[in-house]
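**Q** just coords:
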């Protein structure tokens, strides 16, 4: 069995596996601020979503079910019966699907700057149409403005430029198809089936998935914990790398039953 998903692997081969899913419009390089610290304790596997980075970009349509089942095929190909999972934005959406539909495959779960239902659907379908017609540069400035706070953008223009380049390097076919998957997504009814101990993280200044979306997720997943990271927009792991890394280490370092 072969996977259509590109993987980057760090950390000890015999350590517990921590799978990291990135946001819409980024590659697995999005997680680089966290890799050195997480790889001290875990076998860190980052993946590019279908249609992103170096993964395959088949023609649409895509659905959350498709993205989730593609990830399950990858876990099967790696002979991994279970993983810890952390996902941001689209990565978090796939993580919710995975934990609800294949609960035996997720030991502990972290959901960052994400939503279980992110409407209105028309907005996502319009974005998909724009990208198909004019490419990623047509939406890049507006998207990146939601990824970072104005203060961070003013002080770290080099970082912002790097993530803008990552966005515009994404396959237009894959990006548009993932937009349509988000348009059709409604995971709210699935959250009660999530049994993995769950940490929900929100960026205090995130305009893409505001804190209220995180509160709704935490309120629907039994026993979930909510953490709000100050001075962070959508890519909270980039703006506040140490704070996010500490939250993840604390959550995934806990033994079953400790949380």
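**A** Okay, I see it. What you see is a predicted model, and the numbers here were worked out from it, not measured in a lab.

**Q** nearest residue to the residue positioned nearest the centre of the chain in space, please, no chain neighbours.
**A** The chain has residue 91 as the residue nearest its centroid, 2.2 Å off, counting by C-alpha atoms, centre = their mean. Closest residue in space to residue 91, ignoring its immediate chain neighbours: residue 21 at 2.7 Å, by C-beta to C-beta, 6 or more residues apart in numbering. For every residue, glycine as well, the C-beta is placed using N, CA and C.

**Q** would you check that the one you found makes contact with residue 96?
**A** No. Applying C-beta atoms under 8 Å as the test, residue 21 and residue 96 come out as separate, 10.5 Å apart.

**Q** who has more neighbours out of the two?
**A** Taking neighbours as other C-beta atoms under 10 Å, residue 21 and residue 96 compare with residue 96 leading, 31 against 28.

**Q** report the contact partners of the more buried one.
**A** 111, 114, 116, 187, 190, 191, 194, 217 (C-beta atoms under 8 Å, 6 or more residues apart in numbering).

**Q** closest to residue 61 out of those residues?
**A** Residue 61 has its nearest neighbour among the contacts of residue 96 in residue 187, at 17.6 Å by C-beta to C-beta.

**Q** report the secondary structure state of the residue nearest to that closest one when sequence neighbours are not counted.
**A** In space, and not counting its chain neighbours, residue 187 is closest to residue 116: 4.1 Å by C-beta to C-beta, 6+ apart. The three-state assignment at residue 116 reads coil, by DSSP: H, G, I helix; E, B strand; the rest coil.

**Q** and residue 116, how far is that from residue 56?
**A** The gap separating residue 116 from residue 56 is 27 Å, by C-beta to C-beta, to the nearest Å.

**Q** could the contacts of residue 96 go into a markdown table alongside neighbour count, pLDDT and distance to residue 231?
**A** Converted to a markdown table, the contacts of residue 96 look like this (neighbours: other C-beta atoms under 10 Å; pLDDT from 0 to 100; distance: C-beta to C-beta, whole Å):
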| residue | neighbour count | pLDDT | distance to residue 231 |
| --- | --- | --- | --- |
| 111 | 33 | 99 | 20 |
| 114 | 29 | 99 | 19 |
| 116 | 23 | 98 | 25 |
| 187 | 23 | 98 | 28 |
| 190 | 17 | 98 | 32 |
| 191 | 21 | 98 | 28 |
| 194 | 26 | 98 | 29 |
| 217 | 26 | 99 | 22 |
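
**Q** out of those, which sit inside helices?
**A** Among the contacts of residue 96, the ones falling in helices (DSSP state H) are residue 217.

**Q** closest to residue 140 among the contacts of residue 96?
**A** The closest of the contacts of residue 96 to residue 140 turns out to be residue 114 (C-beta to C-beta; 21.1 Å).

**Q** the closest one: what's it in contact with?
**A** 87-93, 95-96, 209, 213-214, 217.

**Q** great, nothing more from me.
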